[in-house]
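>>> The amino acid sequence is not available; the structure is as follows:
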């Protein structure tokens with residue numbers, strides 16, 4: 001894996017983590033629940049697709 005793709009991967013991971021932190025710190029239960037639900041659904045879908 002090239003250093004550029006490692007950097008891009010790291011930046012995407014950092015952006016997702018920042019979005020999680022922002023969502024939780026907002027203190028809005030509906031927003032937190034929606035984020036958690038969408039992450040769960042996305043992971044389930046990717047597991048099924050990647051099989």
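Received, thanks. What you see is a predicted model; the values in this text were computed from it and never measured.
>>> Determine the next helix or strand in the C-terminal direction from the helix or strand where residue 25 lies.
Counting by DSSP states H and E, the element that carries residue 25 is helix 3-26. Of the helices and strands lying after helix 3-26 in sequence (DSSP H and E), the nearest is helix 29-50.
>>> burial count for residue 36?
By other Cβ atoms under 10 Å, the residues close to residue 36 number 13. Glycine gets a C-beta too; all of them are placed from N, C-alpha and C.
>>> What score does it have for pLDDT?
pLDDT recorded at residue 36 is 95.
>>> Now do the contacts for it.
Not one residue lies near residue 36 by Cβ atoms under 8 Å, 6 or more residues apart in numbering.
>>> Could you measure from it over to residue 43?
Residue 36 sits 11 Å away from residue 43, going by Cβ to Cβ, to the nearest Å.
>>> Give me the buried positions along the helix holding residue 25.
Neighbour-count burial for helix 3-26, counted by 16 or more other Cβ atoms under 10 Å, picks out residue 23.
>>> Determine the number of other residues adjacent to residue 48.
8.
>>> do residue 32 as well
15.
>>> list the contacts for it?
Contacts for residue 32 (Cβ under 8 Å, 6+ apart) come out as 23-24, 26.
>>> Try it again at 7 Å.
23-24 (Cβ atoms under 7 Å, 6 or more residues apart in numbering).
>>> And the pLDDT at it?
96.
>>> do you know how far it is from residue 45?
For residue 32, the distance to residue 45 (Cβ to Cβ) stands at 21 Å.
>>> same thing with residue 1?
For residue 1, the distance to residue 45 equals 25 Å [Cβ to Cβ].
>>> hmm, who's touching stretch 11-28?
31-32, 35.
>>> Residue 6: which of these is nearest?
residue 35 (26.4 Å; Cβ to Cβ).
>>> what about that closest one, how many residues close to it?
17.
>>> which non-adjacent residue is nearest it?
Leaving out its chain neighbours, the residue that sits closest to residue 35 by Cβ to Cβ, 6 or more residues apart in numbering is residue 23, at 4.6 Å.
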